[in-house]
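Chemist: Got a predicted structure plus its sequence, pasted below:
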Amino acid sequence: MEAYKDKAWQRSMKLRLDINGMMADFVGEHGLNMADIEKNSAQYIKAAESMAAKRANMKWRELPHNQAEVVARIKTVAEKVRSEYDAFVVLGIGGSALGPIAVQQALSHMRYNELSRERRGGPRLYVEDNVDPERMASLLDVIDVEKTMFNVVTKSGGTSETMSQLLYITRILKDKLGDKWSEHVIATTDEVKGNLIKIAKADGLETFYVPDGVGGRFSELCPVGLIAAAVCGIDIEELLAGAAYMDELCSEPDYRSNMAYMAAICETEAMKKGCNISVMMPYADSLKYIADWYAQLWAESLGKRTDNGGSVVHTGQTPVKALGVTDQHSQVQLYTEGPFDKVITFIGVDKYRSEVTIPHSFDDIADVAFLSGHSFNELIKSEQMATEYAVTRSGHMNKTITLPVVNPFTIGELLYFFEIQTAYAGELLNINAFDQPGVEEGKNATYALLGKHGYDEKRRELDSAKPKKAEYIF
Ligand code: PA5
């Protein structure tokens, strides 16, 4: 039996949430009081009931439980890609790219693409999540399209950036391979809606579906993220088992024993105290891109103009990405002495996957020699503890999430934890955390500027926008 199926092993892999640094007992006047939180318990119980009632509509919540068939198919396709291709290129943006990047960076070798083919065991991975022409052109300098599998990922099946990339790659593939071009493209999209599904059907592309009701930023645990992960040799069943375990841990309606709910309460209570910034600071390079993925999840879900009743609220918390220890030398000055407008979430790891000792060399220089004999593991942990201490001492709210180790199970837990936290925060803020009208507005304006059929009205609106004043341009 796989270790991740063993209950005792699962418990040993449980994520921990430490909110001491959020509390006034530790940070003083800018912190929260448990007594004040308790005063709102009726509201929290109601919100938990509402979340439970809405669960059936939150299709992403079922992803850890209902994908046995699709996982089997992904594994078959991934095996073929791993043995036959030199590069795997994801074409996608936003929720269709940030999850694949985050999971692969967390779970593959840190220098995955630079390893030998033999050590990698599969193709190099590129996630092309922009339309910068220089970056697009440079891709062709590092891949041989005839030995590359492309995975075009778009839930809506129409996003300009992704469709432009598909057009670009398809032309190249057709020129080189003729009719065989379609063997080099896997489509991941909605089963019914959008243009990609039309193309996929017409050209017989290998196709996976983004389940109905699973929004872009909640889609990492469906084929959107699972295909790239499996192609990189990541155990996607363990990833989903970790998410399922977190679902179990967070199914308790009482916020006192539901870590994701408690985290959401901390954030929304902090927002009431003027904390409009959410800093995510992992102390592990492997988790650096989890902060990127979280930034989209938190920003797009909570950044809303109106609440569910239609009142204008302009709510949300601006996510800021930081990396420990690197950003101690860039941002921590602000976190300790700057305004009380942020919550800092540290992410720590109990046991890093490598152990590196700091050797002896300059024993005659005491101020350098004190480091020798310690390890990088001790150093990074001490620096995390020291920063947590300094931030707490300065009165700024902070909390810490700790992973026992970085593996597919704990990453599944972590992603699902943040998704549930976000859904609870949306419920507490009384907003729709699952739409993104602001993103759609930008998409529509792009369509209009590029002359898409049906966007004439939007084009007229853009053309009649107030002209810029020359005096403000220097
Ligand atoms: O979360 C979202 O819905 C968005 O950020 C999308 O992920 C992003 O706009 C890309 O959309 P699509 O996957 O439809 O191409």
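Modeler: Received, thanks.

Chemist: of all of the stretch 201-350 of the chain, which residue lies closest to the ligand?
Modeler: Relative to the ligand, the nearest point of the stretch 201-350 of the chain is residue 216 (2.2 Å; Cβ to the nearest ligand atom). Every C-beta, even on glycine, is put in place using the N, C-alpha and C of the backbone.

Chemist: got a pLDDT number for that residue?
Modeler: Looking at residue 216, its pLDDT is 95.

Chemist: and what of residue 444?
Modeler: The model's pLDDT for residue 444 equals 89.

Chemist: so where does it fall, helix or strand?
Modeler: helix 437-449 (DSSP states H and E).

Chemist: repeat for residue 319
Modeler: Here residue 319 is assigned to strand 318-321, by DSSP H and E.

Chemist: immediately after that strand, which helix or strand?
Modeler: helix 332-337.

Chemist: rewinding a little: so how many other residues sit close to the residue of the stretch 201-350 of the chain closest to the ligand?
Modeler: A count of neighbours around residue 216, defined by other Cβ atoms under 10 Å, yields 26.

Chemist: quick one on the thing from earlier: restrict the strand holding residue 319 to CA atoms and write it as PDB.
Modeler: C-alpha atoms of strand 318-321 as PDB (Å, rounded to 0.1, in the frame of the first residue of the first chain):
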ATOM      1  CA  THR A 318      -3.600  43.000  -2.000                       C
ATOM      2  CA  PRO A 319      -1.400  40.000  -2.200                       C
ATOM      3  CA  VAL A 320       2.300  40.500  -2.000                       C
ATOM      4  CA  LYS A 321       4.800  37.800  -2.700                       C
END
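
Chemist: re earlier: elements contacting the helix holding residue 444?
Modeler: helix 160-177, helix 456-463 (3 or more Cβ pairs under 8 Å, 6 or more residues apart in numbering; DSSP states H and E).

Chemist: most tightly surrounded among those helices?
Modeler: helix 160-177 (a mean of 17; mean count of other Cβ atoms under 10 Å).

Chemist: so where do the helices sit in the stretch 301-450 of the chain?
Modeler: 332-337, 366-369, 376-393, 408-429, 437-449 (DSSP state H, counting those that start in this stretch).

Chemist: I'd like the ones you listed laid out as TSV, including mean neighbour count.
Modeler: Listed next are those as TSV, based on neighbours: other Cβ atoms under 10 Å:
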stretch	mean neighbour count
helix 332-337	16
helix 366-369	10
helix 376-393	16
helix 408-429	25
helix 437-449	14
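
Chemist: Tell me which of the ones you listed lies nearest to the ligand.
Modeler: That would be, of the helices of the stretch 301-450 of the chain and by Cβ to the nearest ligand atom, helix 437-449, which comes in at 5.2 Å.

Chemist: Can the closest one be said to contact the ligand?
Modeler: Yes: using Cβ under 6 Å from any ligand atom, we find that helix 437-449 touches the ligand at residue 439.

Chemist: That helix vs helix 160-177, what angle?
Modeler: Angle of helix 437-449 versus helix 160-177, following axes from the mean of the first three to the mean of the last three Cα atoms, to 10 degrees, is 50 degrees.

Chemist: hmm, back to that, just want the angle from the helix holding residue 444 to helix 456-463.
Modeler: Using the same axes, to 10 degrees: helix 437-449 against helix 456-463 is 90 degrees.

Chemist: Flag every residue of the stretch 1-150 of the chain that's near the ligand.
Modeler: Counting by Cβ under 6 Å from any ligand atom, the stretch 1-150 of the chain sits next to the ligand at 93, 94, 95, 96.

Chemist: shouldn't the third one be in contact with residue 154?
Modeler: No: in this structure, residue 95 is not within contact of residue 154 by Cβ atoms under 8 Å, at 9.7 Å.

Chemist: The two: which is more packed in?
Modeler: Using other Cβ under 10 Å as the criterion, residue 95 and residue 154 rank with residue 154 on top: 30 against 27.

Chemist: Where does the record place the domain boundaries for this structure?
Modeler: Annotated domains of the chain cover 3-56+240-429, 61-237 [automatic domain parsing].

Chemist: now the ones you listed as CSV including distance to residue 454?
Modeler: What follows is the domains of the chain, written out as CSV (distance: least, Cβ to Cβ, whole Å):
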stretch, distance to residue 454
domain 3-56+240-429, 25
domain 61-237, 12
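
Chemist: Tell me which of those domains sits nearest to residue 456.
Modeler: In terms of Cβ to Cβ, the element of those nearest to residue 456 is domain 61-237, at 16.8 Å.

Chemist: so the residue nearest the centre of the chain is in which element?
Modeler: Centroid check for the chain by Cα atoms, centre = their mean gives residue 293 as the closest residue, at 2.2 Å. Following DSSP H and E, one finds residue 293 within helix 288-302.

Chemist: and that helix, anywhere near the ligand?
Modeler: Yes: counting by Cβ under 6 Å from any ligand atom, the ligand has neighbours in helix 288-302: residue 300.

Chemist: Which other helices and strands does that helix contact?
Modeler: helix 98-107, strand 277-282, strand 318-321, helix 408-429.

Chemist: Mind giving me the packing neighbours of the last one?
Modeler: Contact analysis of helix 408-429 by 3+ Cβ pairs under 8 Å, 6+ apart lists helix 41-54, helix 98-107, helix 236-249, helix 259-272, helix 288-302, strand 398-403 as its packing neighbours.
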